[in-house]
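In: Just need the structure, nothing else, for what follows:
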Amino acid sequence: MELCISQFVEKWNKDNKGALKAIAEKDEGTPLRLVVKMKRLHLGITALAVVVGFGSGDAHLACDVEIYDGNKEITKLRIDDLSSGSQYTESKRLRDIFKKLAARSVKCLKKACKKQK
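Out: As a prediction, this is how the structure comes out:
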């Protein structure tokens, strides 16, 4: 799970240059907190990924991404179905799905911030 978190943080920071940065460790000095509440995670089927490919056997994730300022929730993103590519191992599919989650979260938050301006 640490690899997934580090991949999420890396992708978040890469896609969100010059703005809010993510860190993996809990830091009392940072006022914002991002919480990912997983509703459903299916890591896919290796046999389908190897034999068929083209997205079959991929992992699927449904979750809520919540951002808090202290104890107050300031925004919530609902991800109904996010899928990874058909990688050969569960750990690679899990890593990919967390990278996609970070990219989608940044994209949605940027879009929401533009609408508020």
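In: helix or strand right after the lowest-mean-pLDDT helix or strand in the chain?
Out: The weakest-scoring helix or strand in the chain, judged by mean pLDDT, DSSP states H and E, is helix 46-51 (a mean of 63). The helix or strand immediately downstream of helix 46-51 is strand 60-69, counting by DSSP states H and E.
In: which of the residues in the following helix or strand past that following strand are buried?
Out: Using DSSP H and E, the helix or strand that follows strand 60-69 in sequence is strand 72-83. By neighbour count on 16 or more other CB atoms under 10 Å, the buried set for strand 72-83 is 77, 79, 82, 83. (Glycine included, C-beta is placed from N, CA and C.)
In: Residue 90 - nearest residue in space that isn't next to it in sequence?
Out: Nearest residue to residue 90 in three dimensions, chain neighbours excluded: residue 43, at 4.5 Å (CB to CB, 6 or more residues apart in numbering).
In: Give me the residue ranges of this protein where confidence is low.
Out: 1-4, 18-20, 23-30, 46-56, 86-88, 116-117 (pLDDT under 70).
In: Of all residues in it, which one is nearest the centre?
Out: By CA atoms, centre = their mean, the chain has its centre lying nearest to residue 101, at 2.5 Å.
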